[in-house]
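Q: take a look and give me a structure for this.
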Amino acid sequence: MLSGFIDLHCDTLAKLTRTGDSLRKNEHDIDLERMKAAGGLAQFFAMFIPVEKVEDPLGGCLKMVDCFWREMEKNSDLIAWAGSGTDVERNAAAGKMSAFLTVEDSGIFSCDLAALRVMHRLGVRLVTLTWNFKNKVGSPHATPEFNAEGLSPYGIEFVRACEDTGIIVDVSHLGDGGFWDVAKNCTKPFIASHSDSRAVANRSRNMTDDMLRALSDKGGVAGLNFFADFVRPGTDGLWQKLENNACDVTDVVKHALHMLDVGGEDCLALGSDFDGIGAAPERLKGVQDMPNLKQALADAGVSERVVDKIFYGNAMRVIKELLG
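A: Alright, predicted model coming up:
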């Protein structure tokens, strides 16, 4: 019987590659010792490169691939790579947590279809279509004039290639127009790995109610993002940075409750964005605080059965459907 939590997004790998710190124990938002103690079942580790700010994005990505696999070898008593739900179950039965490898922005490998297949061979099982830069696939939320643009014709081909290759399509960071093109063209569930509710906090990175319904209708999930800038409601528009983004774990629960109400109990998962966020809610500062979120959901009246769906059941369902 599985238990614990599955987190669909963190940026810890980028920090480890830059600092040389150990995944087993460090001072970042996530390490394996705290993850184990908090009940970790599986963590999705993103390879993030700000494409337009570096000379060699692919080279940087490959360094992260190397870092990931070296950490898997060094910490094989605690964690193992997973490429499917079956792997998660097998690892759990052996007393180990699971690690999925992902790419945040297909532009890192030039949105190339051959490179997509190579990434799969290197262990990647999820690709976030864009970050905050426009690429060959589509346009991000971050620039207002691009937000309504849909996927390019090549982008539609890329999404279908992801499905054929066995890579989960992730729409977090994608502009509104791109989201609707994914919803129209995906034949399988897709996910928003780390996105909150726009009705609760009017931020362009968050999802509208119509998006949540469409995601749910496709059988996908949205991972609750803990970045205070996306959690706390603001009055300064969709794109501007908030002046005061102080918030608490109960503010994250407000997103959860609304998303459950709109999309149903099968649409919600976790996508912390740990080690990629500038400010986290009080009582949710790192992986060690995951039990605080579980308790806050229970205190808000969410049943144990639905909390379990949010913490691992919904993500596991999608993983098994898409990856086996």
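Q: avg pLDDT for stretch 130-142?
A: Stretch 130-142 shows a mean pLDDT of 95.
Q: off-centre distance for it?
A: Stretch 130-142 sits 16 Å away from the centroid of its parent chain (C-alpha atoms, centre = their mean, to the nearest Å).
Q: and the end-to-end length of that stretch?
A: 10 Å (C-alpha to C-alpha, to the nearest Å).
Q: which of the residues in that stretch are buried?
A: Judged by neighbour count using 16 or more other C-beta atoms under 10 Å, the buried positions of stretch 130-142 are 130-131, 133-135, 137-142. In this view, the C-beta of every residue, glycine as well, is placed from N, C-alpha and C.
Q: backbone phi and psi for R232, please?
A: phi -80, psi 130 (degrees, to the nearest 10).
Q: apologies, that question was intended for F274.
A: The phi/psi pair for F274 (degrees, to the nearest 10) is phi -50, psi 140.
Q: so it touches T12, yeah?
A: Yes: with contact defined as C-beta atoms under 8 Å, F274 reaches T12; the gap is 6.7 Å.
Q: show me which of those two is the more surrounded one.
A: Neighbours were counted for F274 and for T12 using other C-beta atoms under 10 Å; F274 has more, 27 against 23.
Q: for the protein, longest helix please?
A: Using DSSP state H, we find that the single longest helix of the chain is helix 57-74.
Q: which two among the buried residues of stretch 130-142 are spaced furthest apart?
A: Greatest spatial distance among these (C-beta to C-beta): V137 and A142, at 15.0 Å.
Q: what about G324, how many neighbours?
A: Neighbours of G324 (other C-beta under 10 Å): 11.
Q: quick one: residues contacting it.
A: Neighbour list for G324: 84-86 [criterion: C-beta atoms under 8 Å, 6 or more residues apart in numbering].
Q: okay, these in a markdown table with secondary structure and pLDDT next?
A: Output for these, formatted as a markdown table (DSSP: H, G, I helix; E, B strand; the rest coil; pLDDT from 0 to 100):
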| residue | secondary structure | pLDDT |
| --- | --- | --- |
| S84 | coil | 98 |
| G85 | helix | 98 |
| T86 | helix | 98 |
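Q: most neighbours among these, please name it.
A: G85 (21 neighbours).
Q: quick check, that residue in contact with A315.
A: No: in this structure G85 lies outside contact range of A315 using C-beta under 8 Å: 9.4 Å.
Q: buried residues in the strand or helix carrying R18?
A: For R18, the host element (DSSP states H and E) is helix 12-19. Across helix 12-19, burial judged by 16+ other C-beta under 10 Å covers 12-17.
Q: redo those as JSON lines? Include distance to I319 and pLDDT.
A: Output for those, formatted as JSON lines (distance: C-beta to C-beta, whole Å; pLDDT from 0 to 100):
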{"residue": "T12", "distance to I319": "20", "pLDDT": "98"}
{"residue": "L13", "distance to I319": "19", "pLDDT": "98"}
{"residue": "A14", "distance to I319": "23", "pLDDT": "97"}
{"residue": "K15", "distance to I319": "25", "pLDDT": "97"}
{"residue": "L16", "distance to I319": "24", "pLDDT": "98"}
{"residue": "T17", "distance to I319": "25", "pLDDT": "97"}
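Q: V182 belongs to a helix, doesn't it?
A: Yes: judged by DSSP: H, G, I helix; E, B strand; the rest coil, V182 forms part of a helix.
Q: how much space between it and V169?
A: As for V182, its distance to V169 is 6 Å (criterion: C-beta to C-beta, to the nearest Å).
Q: same check, this time on R205
A: From R205 across to V169, the span is 17 Å (C-beta to C-beta).
Q: now V137: how far from F190?
A: From V137 over to F190 (counting by C-beta to C-beta), the distance is 13 Å.
Q: before we move on, what about F48?
A: 19 Å.
Q: who touches stretch 274-282?
A: Here stretch 274-282 makes contact (C-beta under 8 Å, 6+ apart) with 7, 9-12, 14-15, 28-30, 46, 48, 225-229, 231, 245-249, 251-252, 286-287.
Q: for D196, see how far away V231 is.
A: For V231 relative to D196 (C-beta to C-beta), the value is 6 Å.
Q: overlap in contacts of those two?
A: Contact with both V231 and D196 is made by residues 225, 255, according to C-beta under 8 Å, 6+ apart.
Q: nearest to V306, of the buried residues of helix 12-19?
A: So of these, ranked by how close each gets to V306 (C-beta to C-beta), first place is T12, at 27.7 Å.
Q: surely that closest one touches D29?
A: Yes: if you go by C-beta under 8 Å, T12 and D29 touch, sitting 6.8 Å apart.
Q: you'd agree N132 is up against H173?
A: Yes: counting by C-beta under 8 Å, N132 does reach H173; the two are 6.4 Å apart.
Q: joint contacts of those two?
A: 140-142.
Q: same list (those residues) but as JSON lines, adding secondary structure and distance to D105.
A: Below are the shared contacts of N132 and H173 laid out as JSON lines (DSSP: H, G, I helix; E, B strand; the rest coil; distance: C-beta to C-beta, whole Å):
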{"residue": "P140", "secondary structure": "strand", "distance to D105": "9"}
{"residue": "H141", "secondary structure": "coil", "distance to D105": "13"}
{"residue": "A142", "secondary structure": "coil", "distance to D105": "12"}
